[in-house]
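>>> Okay, sequence plus prediction incoming.
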Amino acid sequence: MEKPLTQHIVPGRKPLNLKEYEKVGGYQSVRKILKEMSPQEVQALVKDANLRGRGGAGFPTGMKWSFVPMGPDAPSPKYLVANADEMEPGTFKDRVLLEGNPHQLIEGMIVASYAIQASISYVFLRWAYKLAAKEITQAIHEAYEAGYLGNNILGSGFNLEMHLHTGVGRYMCGEETALLNALEGKRANPRAKPPFPQVSGLFGKPTIVNNVETLCNLPHIVNNGAEWFKKLGLTEDAGTKLYGVSGRVKTPGCWELPMGITIRELLEEYAGGMQDGYLFRGLLPGGASTDFLVEEHLDLPMDYGSIQAAGSRLGTGTMIIMDDQTCPVGFTLNLQHFFAQESCGFCTPCREGLPWVEKILMAIDKGEGKPEHLLTLDFHTKYLGPGNTFCALAPGAMEPLQSALKYFREDFERHIHEHHCPWSKSKAWQPSI
Amino acid sequence: MLTTEEKHQIDHEISLVPSPKNACIEALKIVQQSHGWVSDESLKDVAEYVGMSTAELDSVATFYNLIFRRPVGRHVILVCDSISCYVMGYEVIRNQLFEKLNIQYGQTTADGRFTILPNCCLGTCDCAPALMIDHDLYRNLTVEQLDEILSKYT
């Protein structure tokens, strides 16, 4: 089984330095594109490869790039930003790539920058990833020394600056326009679209924001071609994917596997099945903002189309397992507390609606719920859904809520009728400040 | 007053962006690095230095979870309270910390040693429950490990 993204990552070992990375074929894609390919050819290759964004939305990367103005009259400078703000609860896949092989990310960023002719690039890294910050700083330094970054890269006439920016903590920064505001030293509120960042992004200039895993795929696509990449996937979706499993399983972890492996294989073969004494009840397939899937979905392939057809989203591909000893109301409350706290407060439905949802769930959890509370939660899932808010935060928050109300409604009703939480664990839950 | 060293570091950040204002978050980080938090006085100094009103800069400073606008202890404990840590029972760890240090979230021990804050996902969900003290990450936590971990910080 091919594992292009993680082939040189050994957990616990220091990542390859530049010399070692070059020895295993590192930076070959940079040499190739600078010598043999035009930016348009790189864009076309990535489009052909059917690479879709690995940050959660799954938007085709080549198409995203195609909206950037090109040619001598295009505004300048143009920017490329690696979104390394991984803050989706339950998600820990980019960390593996950042800590394990920083040169692969830098190589991917050079490919992407060349494709859109960006001359300045940023790694927007979340503050908690201290080890990643250290490794990336060192790798950027090495790449400058070797002439892969800076002016006139490998004598090609192409210039690229690269900087590391560490955030100061806010989930909103993962949204690409909010991330750009944060990079500009502003509150990380999302921006109105259009104009899209491809046309007017960082400092008003054309900007592409790509996820870390997306960027890490680029060197391999350049080296091996679009057909090779498409064949890596088991279903319609191309490539490999970093999948993760957390919760009460025997061996939680993160693995690079062909796109389209089934949930059951991931859960049973890689995560080792449920811990003794715990039964499976449901899972969020790709982070906190994806809809619950249950037993009947376990044989679905983990790809964009199949998970969407089942009413959820592949998201980040890192699943969170809910076991029978975890209260579904407490689980949902934990998520809604997070979203309410992380709302930027800009638009009313999100700012007011999410705390309302949290308050109701807290009441139900404490045994103070009323039957009409479920109806209030139901209408929130519509009013905070797509189209009613400024960005995707509140609609994302509603995904686990609406599916919890669908699959675990009886548990919600039991709390209300029995006036207490049947799971003692969630009684200990206290709101954070 | 900003020190010469702080000004030097802020100047470097300003040199990388189109306008000094764009470096304001970096400037806040620099001040927090040397003082542990951002006081009203520091905020005013930074605002003046990068050409913003204090109100505008405070709106930025208070937006971000990890710019501290109140004094914190010598060591900040960030307890991950997100979903994977919830499933793996982080509350037991949190409650033990509250009890051992005799403080709650947002409070600092009387000797100024620790502040405890809740924190969104630390991105190490396969090793939950987790917490961070200053720059150090602790994973797969059990209550039994807490005394030894805390003893490393004076």
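It's in.

>>> which residues of chain B fall in strands?
Per DSSP state E, chain B has strands spanning B:75-80, B:114-119, B:131-133, B:136-138. These are given in chain order.

>>> Can you tell me which of those strands is packed in deepest?
The highest mean neighbour count among the strands of chain B belongs to strand B:75-80 (a mean of 23), with neighbours defined as mean count of other CB atoms under 10 Å in any protein chain shown. The C-beta positions use only the backbone N, C-alpha and C, and glycine is treated the same way.

>>> That strand pairs with which strands, parallel or anti?
Sheet neighbours of strand B:75-80, with direction, are listed as strand B:114-119 (parallel), strand B:131-133 (antiparallel) (DSSP bridges).

>>> can I get those in CSV with mean pLDDT?
Listed next are the strands paired with strand B:75-80 as CSV, based on pLDDT from 0 to 100:
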stretch, mean pLDDT
strand B:114-119, 97
strand B:131-133, 97
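
>>> wait, which of those strands is closest to A:Ile136?
Nearest of the strands paired with strand B:75-80 to A:Ile136, taken as CB to CB: strand B:131-133 at 18.7 Å.

>>> Nearest to chain B: which residue in the stretch 1-150 of chain A?
With distances taken as CB to the nearest CB, the stretch 1-150 of chain A approaches chain B most closely at A:Pro89, which sits 3.8 Å away.

>>> Quick check: phi and psi on that residue?
For A:Pro89, the backbone dihedrals (degrees, to the nearest 10) come out as phi -50, psi 140.

>>> Does it touch B:Asn119 like I think?
No - between A:Pro89 and B:Asn119 no contact is recorded; they are 11.0 Å apart, counting by CB atoms under 8 Å.

>>> residues in contact with the spatially most central residue of chain B?
Computing the C-alpha centroid of chain B and ranking residues by CA atoms, centre = their mean puts B:Leu66 first, at 4.4 Å. Applying CB atoms under 8 Å, 6 or more residues apart in numbering or on different chains to B:Leu66 gives the contacts A:127, A:168-169.

>>> among those, which ones are buried?
Buried positions within the contacts of B:Leu66, assessed by neighbour count (16 or more other CB atoms under 10 Å in any protein chain shown), are A:127, A:168-169.

>>> mind checking how far the nearest residue to A:Glu236 once chain neighbours are set aside is from B:Ile83?
Sequence neighbours aside, A:Gly305 is the residue nearest to A:Glu236 in space, at 5.9 Å (criterion: CB to CB, 6 or more residues apart in numbering or on different chains). With the distance defined as CB to CB, to the nearest Å, A:Gly305 ends up 25 Å from B:Ile83.

>>> If you count surrounding residues, which of these two has more?
A direct count of neighbours by other CB atoms under 10 Å in any protein chain shown for A:Gly305 and B:Ile83 places B:Ile83 higher, at 29 against 14.

>>> Settle this for me: that one is touching A:Ser289, isn't it.
No - B:Ile83 lies out of contact with A:Ser289 (CB under 8 Å); the separation is 10.8 Å.

>>> residues contacting the residue nearest to A:Glu236?
A:Gly305 makes contact with A:235-237 under the criterion CB under 8 Å, 6+ apart.

>>> what comes up buried for stretch A:13-26?
Burial within stretch A:13-26, assessed by neighbour count using 16+ other CB under 10 Å, is assigned to A:15-16, A:18, A:21, A:26.

>>> Contact partners for the closest residue to B:Arg94 other than its chain neighbours?
Distances taken as CB to CB, 6+ apart place B:Val79 nearest to B:Arg94, at 5.2 Å, with adjacent residues excluded. Going by CB under 8 Å, 6+ apart, B:Val79 touches B:90, B:93-94, B:97, B:105, B:116-119, B:131.

>>> okay if I get the residues you listed as a markdown table plus distance to A:Phe59?
Putting those into a markdown table (distance: CB to CB, whole Å) gives the following:
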| residue | distance to A:Phe59 |
| --- | --- |
| B:Tyr90 | 34 |
| B:Ile93 | 38 |
| B:Arg94 | 38 |
| B:Leu97 | 41 |
| B:Tyr105 | 38 |
| B:Ile116 | 39 |
| B:Leu117 | 35 |
| B:Pro118 | 33 |
| B:Asn119 | 30 |
| B:Leu131 | 35 |
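
>>> now the helices for chain B?
Under the criterion DSSP state H, chain B contains helices at B:4-15, B:24-35, B:40-50, B:54-61, B:83-87, B:90-101, B:146-151.

>>> Mean neighbour count, those helices: which tops it?
Per residue and on average, the most neighbours among these fall to helix B:83-87, with a mean of 29 (mean count of other CB under 10 Å).

>>> Good, wrapping up.
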